[in-house]
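S.K.: when you get a sec, could you give me coordinates for this:
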Amino acid sequence: MSTYPAAAETLFHDASRLMAEGNAVEAEASFCAALALVPNFYEVHANLGLLLNRQRRWAEAEHHYREALALRPEQLHTYLNLGGLLTECKRFDEAEALYRQALENDPGAVTLWSNLGVLLACRQQEAEAETCYRTALALQENYPTAAFNLAYLLLRQGRMEEGWSRLEARDWYAPLERYLQFPRWRGESLDGKSLLIGVEAGHGDMMQFARYAALIKARGASRVGVLCHPGLARLFTTLVGADDIFPLDRPVPAEGWDYWSPPLSLPFYFETRLDSVPADLPYLSPDPELVAQWAPTLANGDPHVLKVGLVWKGSVGFENDADRSLPSLNLLAPLGTIPGVRFISLQKGAGETEAQQPPAGLPLLHLGGQVTDFADTAAIVSQLDLVIAVDTGVAHLTGALGKPCWVLLPWYKADWRWLKERTDSPWYPQVMRLFRQPTMGDWESVIADVTEALRKLAADKR
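M.R.: Numbers count the residues shown, from 1 in each chain. Purely as a prediction, here's the structure:
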């Protein structure tokens, strides 16, 4: 960068520092000031593109990425960033063409092969995606991103032996490794030993994989603990096989533990396969006192009326939330035409405003705003006949309680744990039914199928 004027370089370095500190407004101003002095400043275009990308200002970010590529077409990171933007905007053909162009220049770039694999997997071209991931791993055997991307693909296909093994390449639980000052369990004998299941990923993941507490106990462990999100702590006191529950906002005693394990590593060490998924339901239970507290609110005058819980939005911070959540409660309005059904909103956070003003013809008792944690939700769900939900923690809770749950799944990037094309789940047998979009964004077909199924269920109840 020595060819640039000192003033422009100073502005660039200031902007980069501000960007790293999270000061997006001042960083953008400094980048723009640098470009006013040197319009062909490659590094400024590349970094400003990234800054705007993070703010989801797609058009502006794309402009600066393309300016950067025009200046230095050999720069790998700019191809990766622009390709990621195009994928995020679902401009798949353009993203694929860009990645393949970059691979012509650098066929040994493992990141390009892995990103192309992600793109192809998003398009459900899974054989081609697998080839890309394996090409990346052949070039760099220990490349973790390609390994766990391959893991998701294999697990989605039910190829669990290699899938769990590849998933071990993830490193997002590294902070726990530093926090817990005792050995990580890697399949050693558990006879008379104590093991703490660490916290990993979201609430739904914890509820799904906490089931392994019972298997750990069955292996001879003398004590099993679970470290969890605070919102799960009360609920997990009912977890089969667990002796101690530690919410993240309280310290874990350093003494008394032989091992710890990330929850998503337990299927690997227990050699879980499609025909051996541990699914002894229920493994979570509602608190009887909470059930009694919620009972008057949920009481039905007519025993023939179905009580159905609804969840139509997930956490907005989830990477695929725009596709897994319904864009509006109005999409569920057809359910209101079914006689003999009482609807209860379990929606908390996003969607609560809609719940308080439901569409005409869909009477809705909104309880989500009164819920303090998942123990409350469990007490409510235990008194319902059915929960209809998008892919959220409430779906996993309902399944873990052994209650019927219909899960609405997107075509685009449906989570690996629901496998491919199935309408049931081996993780929640007999209680989980999956309704899948036939094409990207087609919630109308899903709701039509759900409406028909619910109409039949309500008629049978009557």
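S.K.: which stretches of this protein form strands?
M.R.: In the chain, the segments counted as strands under DSSP state E are 194-197, 223-228, 244-247, 259-261, 306-311, 341-345, 364-366, 386-390, 405-409, 432-436.
S.K.: partner strands of the second one, parallel or antiparallel?
M.R.: The one in question is strand 223-228. strand 194-197 (parallel), strand 244-247 (parallel) (DSSP bridges).
S.K.: centre of the chain to the first one, how far?
M.R.: Spelled out, that is strand 194-197. Counting by Cα atoms, centre = their mean, to the nearest Å, strand 194-197 is centred 24 Å from the centre of its parent chain.
S.K.: dump it to CSV, restricted to CA.
M.R.: Output of strand 194-197 as CSV, limited to C-alpha atoms (Å, rounded to 0.1, in the frame of the first residue of the first chain):
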residue,chain,number,x,y,z
SER,A,194,-18.8,-38.3,36.7
LEU,A,195,-19.5,-36.5,33.5
LEU,A,196,-20.7,-33.0,32.7
ILE,A,197,-22.5,-32.4,29.5
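S.K.: give me the mean pLDDT for it.
M.R.: For strand 194-197, mean pLDDT is 97.
S.K.: would you indicate which residues of the helix or strand of the chain with the lowest mean pLDDT are buried?
M.R.: Using mean pLDDT, DSSP states H and E, the weakest-scoring helix or strand in the chain turns out to be helix 174-179, at a mean of 81. For helix 174-179, the buried set under the neighbour-count rule, 16 or more other Cβ atoms under 10 Å, comprises L176. Every C-beta, even on glycine, is put in place using the N, C-alpha and C of the backbone.
S.K.: got a list of what the residue nearest the centre of the chain touches?
M.R.: The residue lying closest to the centre of the chain (Cα atoms, centre = their mean) is F318, at 5.9 Å. Going by Cβ atoms under 8 Å, 6 or more residues apart in numbering, F318 touches G202, R324.
S.K.: make 616 the first number, not 1, from now on.
M.R.: In the new numbering, first residue 616, that becomes F933.
S.K.: and the gap between it and F851?
M.R.: 22 Å (Cβ to Cβ, to the nearest Å).
S.K.: just I1062 next, same as before
M.R.: 33 Å.
S.K.: more neighbours: these two, which one.
M.R.: F851 (25 against 19; other Cβ atoms under 10 Å).
S.K.: just checking, the more buried one touches A825?
M.R.: Yes. Using Cβ atoms under 8 Å, F851 is in contact with A825, at 6.6 Å.
S.K.: which residues do these two both contact?
M.R.: By Cβ under 8 Å, 6+ apart, the residues touching both F851 and A825 are V841, C843, A857, L899.
S.K.: confidence score at the last one?
M.R.: The confidence metric pLDDT takes the value 98 at L899.
S.K.: find the nearest non-adjacent residue to it, please.
M.R.: A1015 (4.3 Å; Cβ to Cβ, 6 or more residues apart in numbering).
S.K.: dump the strands paired with strand 838-843 into JSON lines; add distance to K705 and mean neighbour count as well.
M.R.: Below are the strands paired with strand 838-843 laid out as JSON lines (distance: least, Cβ to Cβ, whole Å; neighbours: other Cβ atoms under 10 Å):
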{"stretch": "strand 809-812", "distance to K705": "37", "mean neighbour count": "24"}
{"stretch": "strand 859-862", "distance to K705": "38", "mean neighbour count": "18"}
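S.K.: and these: which comes nearest N638?
M.R.: Comparing the strands paired with strand 838-843 by their distance to N638 (Cβ to Cβ), the top pick is strand 859-862, with 32.8 Å.
S.K.: show me which helix runs longest in the protein.
M.R.: helix 1058-1076 (DSSP state H).
S.K.: and that one with strand 1020-1024, angle?
M.R.: Helix 1058-1076 runs at 170 degrees relative to strand 1020-1024, counting by axes from the mean of the first three to the mean of the last three Cα atoms, to 10 degrees.
S.K.: name the residues of helix 1058-1076 that are buried.
M.R.: Neighbour-count burial for helix 1058-1076 [16+ other Cβ under 10 Å]: W1058, V1061, I1062, V1065, T1066, L1069, R1070, L1072, A1073.
S.K.: can you check stretch 707-722 too?
M.R.: A710, E711, L713, Y714, A717, L718.
S.K.: adding distance to L811, write those out as a markdown table.
M.R.: Output for the buried residues of stretch 707-722, formatted as a markdown table (distance: Cβ to Cβ, whole Å):
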| residue | distance to L811 |
| --- | --- |
| A710 | 42 |
| E711 | 44 |
| L713 | 45 |
| Y714 | 42 |
| A717 | 44 |
| L718 | 44 |
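S.K.: tell me which of the residues you listed fall in helices.
M.R.: A710, E711, L713, Y714, A717, L718.
S.K.: and the residue nearest to the fifth one when sequence neighbours are not counted, how many residues sit next to it?
M.R.: What that stands for is A717. Leaving out its chain neighbours, the residue that sits closest to A717 by Cβ to Cβ, 6+ apart is Y694, at 4.0 Å. Look at Y694: counted by other Cβ under 10 Å, it has 25 neighbours.
S.K.: let me see the contact set for Y694.
M.R.: L684, L713, Y714, Q716, A717, L727.
S.K.: now with 10 Å, please.
M.R.: Applying Cβ atoms under 10 Å, 6 or more residues apart in numbering to Y694 gives the contacts 680, 683-684, 688, 713-714, 716-718, 720-721, 724, 726-727, 730.
S.K.: could you do A651 as well?
M.R.: A623, L626.
S.K.: repeat for K1076
M.R.: P918, H919, V920, L921, G955, V956, D1000, L1001.
S.K.: picking up where we left off before, what is the rounded mean pLDDT of the longest helix of the chain?
M.R.: 96.
S.K.: tilt between it and strand 1001-1005?
M.R.: Using the same axes, to 10 degrees: helix 1058-1076 against strand 1001-1005 is 180 degrees.
S.K.: how near is Q972 to G983?
M.R.: In terms of Cβ to Cβ, Q972 sits 14 Å off from G983.
S.K.: and these two? which has more neighbours close in?
M.R.: Neighbour count, other Cβ under 10 Å: between Q972 and G983, G983 has more, with 22 against 9.
S.K.: that one and T968 touch, don't they?
M.R.: No. G983 is beyond contact range of T968, at 11.1 Å (criterion: Cβ atoms under 10 Å).
S.K.: intersection of neighbour lists for these two?
M.R.: What both G983 and T968 touch, as defined by Cβ under 10 Å, 6+ apart, is the set Q962.
S.K.: sorry, back to before: turn the strands of the chain into a markdown table, columns for distance to L768.
M.R.: Shown next, in a markdown table, are those (distance: least, Cβ to Cβ, whole Å):
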| stretch | distance to L768 |
| --- | --- |
| strand 809-812 | 26 |
| strand 838-843 | 28 |
| strand 859-862 | 34 |
| strand 874-876 | 24 |
| strand 921-926 | 27 |
| strand 956-960 | 35 |
| strand 979-981 | 38 |
| strand 1001-1005 | 22 |
| strand 1020-1024 | 17 |
| strand 1047-1051 | 17 |
